[in-house]
Every structure is written in C-alpha cells, then in structure tokens.
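**Q** Fold the following.
(one chain, ligands or ions: 2)
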Amino acid sequence: MRFNVSQQLKAPVGVVRAYDIDGRLGNELVTGRATFTRTAAGILVQAECQTKAVWTCGRCAGPYTQLMTLEIEEEFIPAYDMVSRARVEIDEETYRIDASHTLDLAEAVQEGALLASPIKPLCRSNCAGLCPVCGANLNEATCTCAARSGHAALAELGRRWTERQAI
Ligand SMILES: [Zn+2]
Ligand SMILES: [Zn+2]
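**A** Numbers count the residues shown, from 1 in each chain. Ligands and ions are numbered 1, 2, ... in the order given. Reported below is the predicted structural model:
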C-alpha cells in the first residue's frame with residue numbers, strides 16, 4: 001500500500017488522482033479505492049477499503065471471521081520540502097510522505113481497522129453463548145443443566161396455568 005507521489009506533489013493544489021488499494025493487513029487482503037487530492041500542505045487521502053478480520057465472540061468465545069469496511073480520510077505531509085530538501089516540522093500524529101516521496105497507507109489502514117473494530121464482538125446476533133454451569137457452547141449443543149433448571153420452572157408454570165383454566 002505504498003504509492004509514489006512525487007509527480008502529484010509537483011502538481012497544483014486541487015489535482016486529484018485515483019488509485020486501487022491492493023495490500024495486506026497482517027494475513028488479510030485489503031482492497032479498495034483511494035483518491036489523493038493535492039492540498040497546500042501535502043496530499044489528502046480519502047479511501048474506502050475492505051478487509052476480513054478474525055474476532056473472538058464475546059458470548060461463546062468462538063473465533064469468527066467478519067468483513068470490515070474501513071474509511072480513511074487523512075492528510076499526508078511531506079517530511080522533506082520538495083525544493084529545499086529541508087526537514088519539515090510535523091507533529092507526531094501527522095502521517096508523513098517520506099524522503100523518497102512514498103506515501104505509505106499501511107498505518108492509516110491499521111488505524112481505520114482499529115476504529116471499525118466492534119466493541120462487543122458477536123459471532124451472530126442471536127449467539128446463544130456458553131452455559132454458565134457446564135460451559136457447553138449452546139449454539140452447538142443443548143446441555144442437560146439448562147434443560148433441567150428451565151424444566152422445573154416451566155413445569156410449575158404449566159401446572160398453574162392448567163389449574164386456572166380449570167376454574
Ligand atoms: Zn458467539
Ligand atoms: Zn450446561
């Protein structure tokens with residue numbers, strides 16, 4: 001996800017270029033589209049890309065894979081002045097274009113992935129989770145402890161219901 005932007009840095013403010021994103025984040029492919037716009041200070045990157053990520057479900061602790069859409073909007077500033085080659089003062093948080101005019105999207109994509117990460121990951125919206133008694137994954141099995149505790153209460157309810165109907 002590295003782009004050489006030396007030509008665009010020489011272009012006037014407002015010049016836009018479009019690029020395909022085709023890279024990797026860890027083991028997963030990242031694909032998408034980006035537009036680079038020349039700004040007064042550097043290059044504004046606006047990108048939307050897709051990647052897959054493996055999460056651990058917060059209810060059943062099972063791993064699952066989910067497609068993520070990342071949106072990036074960041075201005076990259078050249079670390080060195082194009083003409084004088086002098087080092088430009090930029091604060092730590094700003095993304096840089098390095099001395100060889102390479103704009104590397106990797107860090108911004110990583111940041112985007114972090115922002116798109118679920119706070120409470122769930123393998124499916126109706127994940128049944130784990131049995132608090134025996135730890136069985138209730139998506140895959142019905143354990144007897146759930147049935148037993150549920151059964152007694154239900155049986156009691158059923159009995160009362162039948163009694164009321166009889167009155
Ligand atoms: Zn789950
Ligand atoms: Zn159980």
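
**Q** Going by C-alpha atoms from here, please, whenever you check contacts or count neighbours.
**A** Fine.

**Q** okay, now the domains of this protein?
**A** Structurally, the chain divides into domains by automatic domain parsing as follows: 2-116, 128-167.

**Q** Mean neighbour count, those domains: which tops it?
**A** domain 2-116 (a mean of 16; mean count of other CA atoms under 10 Å).

**Q** quick revisit: wait, which of the domains of the chain is closest to Leu122?
**A** With CA to CA as the criterion, Leu122 lies closest to domain 2-116 of these, at 4.6 Å.

**Q** Relative to the whole chain's centre, how far out is the closest one?
**A** Relative to the chain's own centre, domain 2-116 is displaced by 14 Å; criterion: CA atoms, centre = their mean, to the nearest Å.

**Q** That one and ligand 2, are they touching?
**A** No: no part of domain 2-116 sits near ligand 2 under the criterion CA under 5 Å from the ion; the closest distance found is 12.8 Å.

**Q** quick one on the thing from earlier: worst mean pLDDT among the domains of the chain?
**A** Comparing mean pLDDT across the domains of the chain, the weakest is domain 128-167, with a mean of 71.

**Q** so which of the domains of the chain comes closest to ligand 1?
**A** In terms of CA to the ion, the element of those nearest to ligand 1 is domain 2-116, at 4.1 Å.

**Q** Show me the strands in this protein, by range?
**A** Under the criterion DSSP state E, the chain contains strands at 2-4, 16-25, 28-38, 43-56, 63-78, 95-97, 102-104.

**Q** could I get these as JSON lines with distance to Leu115?
**A** Shown next, in JSON lines, are those (distance: least, CA to CA, whole Å):
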{"stretch": "strand 2-4", "distance to Leu115": "21"}
{"stretch": "strand 16-25", "distance to Leu115": "14"}
{"stretch": "strand 28-38", "distance to Leu115": "15"}
{"stretch": "strand 43-56", "distance to Leu115": "13"}
{"stretch": "strand 63-78", "distance to Leu115": "8"}
{"stretch": "strand 95-97", "distance to Leu115": "17"}
{"stretch": "strand 102-104", "distance to Leu115": "19"}
